[in-house]
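Engineer: Requesting a structural model of the entry that follows:
(chains A, B and C)
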Amino acid sequence: MALKPTQCARRSFLYRELENSGARFEELNGSAIAINYGDAEGETAQARKLGICDLSSLQRTGFKGWNMADWLRLQGVVLAEESNITSPQTDGTRVARLAPGEALVLGDYQGGGALIEKLDSTWSMESADGCYQVPRAETNFWLALTGTEAPALFTKICAVDLRDQATSVHSVVQTNVARLNAIIIRGGTAEVPVFDLLSDIASAVYLWRALLDAMGEFGGKPIGLKALQDLT
Amino acid sequence: MKQMQCPLNGWRNIQEFAHGGEVVDEPDPNRCTDAEWAEYIFMEDNKAGLVKEWWCHVATAYWFIAERDTVKDEIVRTYDPSELFKERRDYTRPEALEGKS
Amino acid sequence: MQRLSEPFGSLIDRSQSISFRFEGEQVSGYRGDTIASALLANGITTLSRSFKYHRPRGVLSMCGQDSNTMVHVGQKPNVLADRVMIEADLEVRAQNYWGSLENDRLAMIRHVSRFLPVGFYYKAFYKPRWGWPLWAKLIRRVAGLGTVDLTTPHGYYDKEYLFTDVTVIGAGPAGMTAALEAAKAGAKVLLIDENAKIGGTLGYARFDGDGQSGRKTLVDLVAEIANEKNIRVMTDTVCTGWYSDNWLPLIKDNRLYKLRAGSLVVATGCYEQPLIFHNNDLPGIMLGSAAQRLIRLYGVKPGNRAVVATANRDGYGVALDLLDAGAEVACVVDVRSNPPEDEMSSALMHRHVPVLVGSTLREAVPTPGGGGVRAVKIAHLESAERAARRYDSFACDTIAMSGSYAPAAALLHQAGGRVSLQDGSGGFSVHDLPAHIAAAGSVTGTQSLDYVLAEGQDAGRQAARDAGFEVMSASEPRRTEPKASAWPIISHAKGKDFVDFDEDLQTRDIENALTEGYQHIQLLKRFTTNGMGPSQGRHATLPAIRLAARRTGASLNETGSTTSRPPIGPLTMGHLAGRSFEPVRYTAMHFRHLERGAKMMPAGAWMRPEYYGDARNRLESIAAEARNVRENVGIIDVSTLGGLEIRGPDAAEFLNRMYTFAYLKQPVGRSRYVLMTDEAGVIVDDGVACRIHENYFYVTATTSGVDGVYRTMLWYNTQWRLKVDITHVSASYAGVNIAGPKSREVVDRVCDDVNLTPEEFPYMGVRRGHVAGIPALFLRVGFVGELGYELHVPASQGEALWDALIEAGADAGIRPFGVEAQRLLRLEKGHIIISQDTDGLTTPPEADMAWAISRKKPYYVGMRSVSIQEASGLTRKLVGFEIADPEITQPKECHLVIRGNTITGRVTSVVRSPTLGKVIGLAYVAPDQAELGNKIDIKVDGGEMVQAEVVKLPFYDPDGERQEM
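Structural biologist: Numbering: from 1, shown residues only, chains lettered A, B, ... in the order given. Coordinates of the predicted model:
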């Protein structure tokens, strides 16, 4: 029997939008994730052109404070010296340094998050003086915008230049997207970019609809997690 | 639209920033006169020339300082406030009240 | 009029015939035709009626630079017929007539034109005042442009950002060369042109005797650009202004582009200027360049017999083009008494066209009805300002004017550059360009093609260098002196010698304004409205400057020019509105509220349920929701509440500084009220601080205030440098307040790890545990004045929490309540709402909240200001009032409290309390009115005065027994 998002206590703020687009769900991290929309092959091609994928069910966390860098490194995390750069970890987790005293930790697209679980369970008020957990999984919804047309899509919603020559893989841009504060992380490959987009969880429905409207002219469509996994 | 270089995020449209007023030294609220306090609260220098101002990059809630030439309409320099605010600031009660209550 | 065969008509495709309607009549043209070229090809020369005198008007510039060709297309008014291309079944109508275009009944106005002097409106309708509305109706009917069709459906307009290294505006010879040069250096170049094809003058103008060099250059440059991958070309694109740091709005189709232009090359060219003589506005009188565009671009012969008037070399090229197109050229009139001989003038001589030197046009003779030209009268110039009385008459149906040029320098002006006009010669130059901007081509006054191309090259290199690319050093600037003369402006006794075609201004109107003292160019413009029409002075400003200079004896540069401001060209509201972004925030339970029929209301960017149920039963619903809280149990979504986590060894110290109360000794597991003032001592926010750990407070803030509170906190700590971290978690937690006598029993059903007994979990306590398996922070708070729990859970599980509580409370009669019921309940408890019961000046003592101020600490933000105010005495105080008599009119918020002739305060909140059965409210009053039992007078709608009594707060459950049970 098909999984309904309401069978899980954790729910993406977008689940109704996904349902309306015909998503098929699977359970991941105690939450329903849109695995595909019924057209596996089409979605893989779509992902290469322009796809939008809700990743809100994937694991993520954050840490903040004047001792953030020391504490994370003590846990074996690789962290960039400079702000606005993402460092891939050996297990596929990515750690984006947002500021000298702030980091965002993103699990991989497979749903894994051993490092995140370890960090979250190791961290406590007592054990980490000057480094504080940020509930990123609850603060931000998470989308991936994929495909060769993604930079063109961004020109309709974001005033920062995200073309290839202006951003490189692993760079982070913290700016406004459609008038929302957002974190954009450039991933994927030089040929097929993938942009992770994290923004205010309460504005998820608004931004999802704004993005679908903006991507219409490029033929952009929702894609499931499977198509994103195949792409990367 | 003007651009400004955020010390954390680089060049951005001025729309991404919020203005926070002039950088002014706070007089010791427990020792200054009423007039000095009122001057601090209500008056801005509004200089023609080089001014030092607070600006905030809204998306990252990052405060920094910009030096701006208001005559040439040029942003001369932006930098992290730790250049100016190096030490912890503490307040003490007026001597007259110490020991009471 | 007839169509010419190839190679004339480079923009039209003769294989595709297109028919459309003009004024209801079927007209046909070719793909690539503009509305105007197609109409002209069909012999239709009158396209509109003028603004004031309703004179017939036809093609003037043929490139969208004048208002003569403004037509209605479909539901769109003021479309430029010489720019917009025809499409099948286009419905085109002329504008600004009454009756028919050919026979405009309002054209009789021209016979009363001497009663319509300049400044007419200012003078005629000033008195009597009551007359204006009547006049306004009439004037708006007879003057004005197209009409707005209010039934027009919404269009889909869009916006897009663009980025590039180098931008070139204008794809004429200079712009194309500049773009190529910058691209070769490695820069990404955006080349923008407002026309359908790139090429500019190369596509239509004549640079030599045989007319070949322009076209050859065009073919070469177009091919080079097509092969240059660093160049992106945008045609049909208008740049409407210049903004700081080379930020340019571009309009193309239904899209507004916001371009960060990198370094900028302005190669916008110039505007050919009409000549001033009697009847200079008749259809058939057009700019020389317009005649050339008709011939070369659209394959339309402008007329059969033309007179060409010129003050420069270009008029000779126009005459040659007219001859090539098969028109007869009656003569060329050159104002210069001794024009230099060159390739083109000798070519013309070989074709036996008479050239009348040192002469000027005095008047055009209209055809009967005024719809065209029959002849032109030409007189010898006795001096630069005087023509001989004797004239020669030449029959013609077309007059081509090549008088002089004005630079299309609006972008340069807006960027801070300056244009110098040369007296006498009609020449000009640009200078003082700011960094990262170069200008090239005829906008700088350069005319000869070789020099224009060289200038383009230099500008392209400079732009690439400015953008950080390595280039060869620029060559020396080369310039020619234009061997031209300014066309004389000699008033005609019969007037109708138009300076501004948009506004129907004649030379005498300008002269009269100068006589009246409006000699400053800015005043002259405002008084006469010269240059204020749709063509924005492209043709009218220069003659006005010349007339003013002549009157004052100043040079043209001393006379100055009017200020150029964006937008340069017309913009539709659709472009400005565009695809708009209006973020809206939904809580995790948003859709549950909708499913229950909630009427939603905005709270900042959030949507909140105002009440549940039908709008017709609004008050009943609110009262029922409130009653259910008092008697039973209610649940309200409080996810929109602000949330901040304050962590670190200095967390308590930080709160102690940010808020008025004392927090150092607040026990872990307890919450405490927080009240924030700004530096001036004004209340700006409130909430509660929950101490979760010695070094960890979870602080709530108001829905609309939290963003400011967060930013303010960061700003202070940037200066204080306390060991504290501030994290904004408003959206991270969904929250409900479940309140009412049965709330404990409902929560108890779904919670097994928090002891809810009052002994273990008292009022103002804070606990952590689970509700229906969802991790939650429990707060015992009393905003609505009943036993209640605020439950804060991870946002992603908020909907599940809601579902679990609604289910658990079903048999206890749980019912959601909205913001309105909550407002009512809190008012019964006398709790203030920041920014409803406080304003931009309210201090804690005024709001009767001195109890929330700690007197023992050395500092909180605003402390000094509050103590100054306390020492100097209050001027108002917030009090509770009630009106027990049900017959008395209920006051509304903001109704004034009045004593004698003085306003002493206002009502901030008021409601008829269903619980208490009387009207209760909060109001500011004078301090001496604040005593309990005092009577205050409130002026309600309609001026009636009602009396209320000052009473003790809270109105309901004064001892707090119900919330603390």
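Engineer: Now do the contacts for residue A:222.
Structural biologist: Taking C-beta atoms under 8 Å, 6 or more residues apart in numbering or on different chains, we find residue A:222 in contact with A:18, A:21, A:23, A:34, A:37, A:51-54, A:212. Glycine gets a C-beta too; all of them are placed from N, C-alpha and C.
Engineer: so can I have CSV of those showing pLDDT and distance to chain B?
Structural biologist: Listed next are those as CSV, based on pLDDT from 0 to 100; distance: C-beta to the nearest C-beta, whole Å:
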residue, pLDDT, distance to chain B
A:18, 97, 27
A:21, 95, 29
A:23, 96, 30
A:34, 96, 27
A:37, 95, 31
A:51, 97, 25
A:52, 98, 21
A:53, 98, 23
A:54, 98, 22
A:212, 97, 23
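Engineer: out of these, which are inside helices?
Structural biologist: A:18, A:212 (DSSP state H).
Engineer: Among the contacts of residue A:222, which lie within strands?
Structural biologist: Members of the contacts of residue A:222 lying in strands (criterion: DSSP state E): A:34, A:51-54.
Engineer: near chain B, which residues of chain A show up?
Structural biologist: A:83-84, A:98-99, A:159-160, A:173-176, A:181-182 (C-beta under 8 Å from any C-beta of the partner chain).
Engineer: can you rerun that using 10 Å?
Structural biologist: Counting by C-beta under 10 Å from any C-beta of the partner chain, the residues of chain A close to chain B are A:83-84, A:98-100, A:102, A:159-161, A:172-177, A:179-183, A:199.
Engineer: who's sitting farthest from the centroid in the chain?
Structural biologist: Picking chain A for this. No residue in chain A has its C-alpha farther from the mean C-alpha position than residue A:126, which lies at 29.7 Å (C-alpha atoms, centre = their mean).
Engineer: My question was about chain C, not that one.
Structural biologist: Max radial position in chain C (C-alpha atoms, centre = their mean) goes to residue C:759, at 61.3 Å.
Engineer: Run through the helices of chain A in chain order.
Structural biologist: A:15-20, A:40-49, A:68-74, A:114-122, A:136-139, A:150-154, A:204-215, A:225-231.
Engineer: What helices and strands are in contact with the second one?
Structural biologist: In this structure, helix A:40-49 makes packing contacts with strand A:31-36, strand A:51-54, strand A:140-146, strand A:221-222, helix A:225-231, judged by 3 or more C-beta pairs under 10 Å, 6 or more residues apart in numbering or on different chains; DSSP states H and E.
Engineer: Residue C:258 is nearest to which of those?
Structural biologist: strand A:140-146 (20.4 Å; C-beta to C-beta).
Engineer: Format the ones in strands among the contacts of residue A:222 as a markdown table; extra columns: distance to chain C and neighbour count.
Structural biologist: Output for the ones in strands among the contacts of residue A:222, formatted as a markdown table (distance: C-beta to the nearest C-beta, whole Å; neighbours: other C-beta atoms under 10 Å in any protein chain shown):
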| residue | distance to chain C | neighbour count |
| --- | --- | --- |
| A:34 | 15 | 28 |
| A:51 | 20 | 26 |
| A:52 | 17 | 23 |
| A:53 | 17 | 27 |
| A:54 | 12 | 26 |
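Engineer: what does the stretch 501-650 of chain C put close to chain B?
Structural biologist: Counting by C-beta under 10 Å from any C-beta, the residues of the stretch 501-650 of chain C near chain B are residue C:650.
Engineer: ok, back up a step: mind checking what secondary structure the residue farthest from the centre of chain C has?
Structural biologist: Assigned with DSSP: H, G, I helix; E, B strand; the rest coil, residue C:759 falls in the coil class.
Engineer: Got the phi and psi for residue C:316?
Structural biologist: Main-chain torsions, residue C:316, degrees, to the nearest 10: phi -70, psi -40.
Engineer: my guess is it contacts residue C:347, does it?
Structural biologist: Yes: Residue C:316 is within contact range of residue C:347, at 7.7 Å (criterion: C-beta atoms under 10 Å).
Engineer: so what sits against both of these two?
Structural biologist: Contact criterion C-beta atoms under 10 Å, 6 or more residues apart in numbering or on different chains; residues bridging residue C:316 and residue C:347 by contacting each: C:206, C:209, C:353.
Engineer: Which one of those residues is nearest to residue C:914?
Structural biologist: Distances from residue C:914 to the shared contacts of residue C:316 and residue C:347, taken by C-beta to C-beta, are shortest for residue C:206, at 87.7 Å.
Engineer: what's around that closest one, how many residues?
Structural biologist: Counted by other C-beta atoms under 10 Å in any protein chain shown, the residues lying close to residue C:206 total 26.
Engineer: where's residue A:5 relative to chain B, distance?
Structural biologist: 30 Å (C-beta to the nearest C-beta, to the nearest Å).
Engineer: wait, I meant residue C:871
Structural biologist: Distance from residue C:871 to chain B, by C-beta to the nearest C-beta: 9 Å.
Engineer: Check what pLDDT that residue gets.
Structural biologist: Looking at residue C:871, its pLDDT is 93.
Engineer: Next secondary structure element downstream of the helix or strand containing it?
Structural biologist: Using DSSP states H and E, residue C:871 sits in helix C:863-872. Under the assignment DSSP H and E, the closest C-terminal helix or strand after helix C:863-872 is strand C:877-883.
Engineer: partner strands of that next one, parallel or antiparallel?
Structural biologist: Partners of strand C:877-883 in the sheet, by DSSP bridges, are strand C:918-925 (antiparallel), strand C:945-951 (antiparallel).
Engineer: The closest residue to residue C:812 other than its chain neighbours: what's it in contact with?
Structural biologist: Spatial nearest neighbour of residue C:812, excluding adjacent residues (C-beta to C-beta, 6 or more residues apart in numbering or on different chains): residue C:742 at 4.5 Å. Counting by C-beta under 10 Å, 6+ apart, residue C:742 touches C:628, C:631-634, C:786-787, C:809, C:811-814.
Engineer: out of those, who has the most neighbours?
Structural biologist: residue C:634 (30 neighbours).
Engineer: Just the pLDDT for it.
Structural biologist: Per-residue confidence (pLDDT) for residue C:634: 98.
Engineer: ok now do it, which residues does it touch?
Structural biologist: So residue C:634 contacts C:625-628, C:737-740, C:742-743, C:784, C:786, C:788, C:809, C:813-818, C:821-822, C:825 (C-beta under 10 Å, 6+ apart).
Engineer: Low-confidence ranges, chain B, go.
Structural biologist: B:96-101 (pLDDT under 70).
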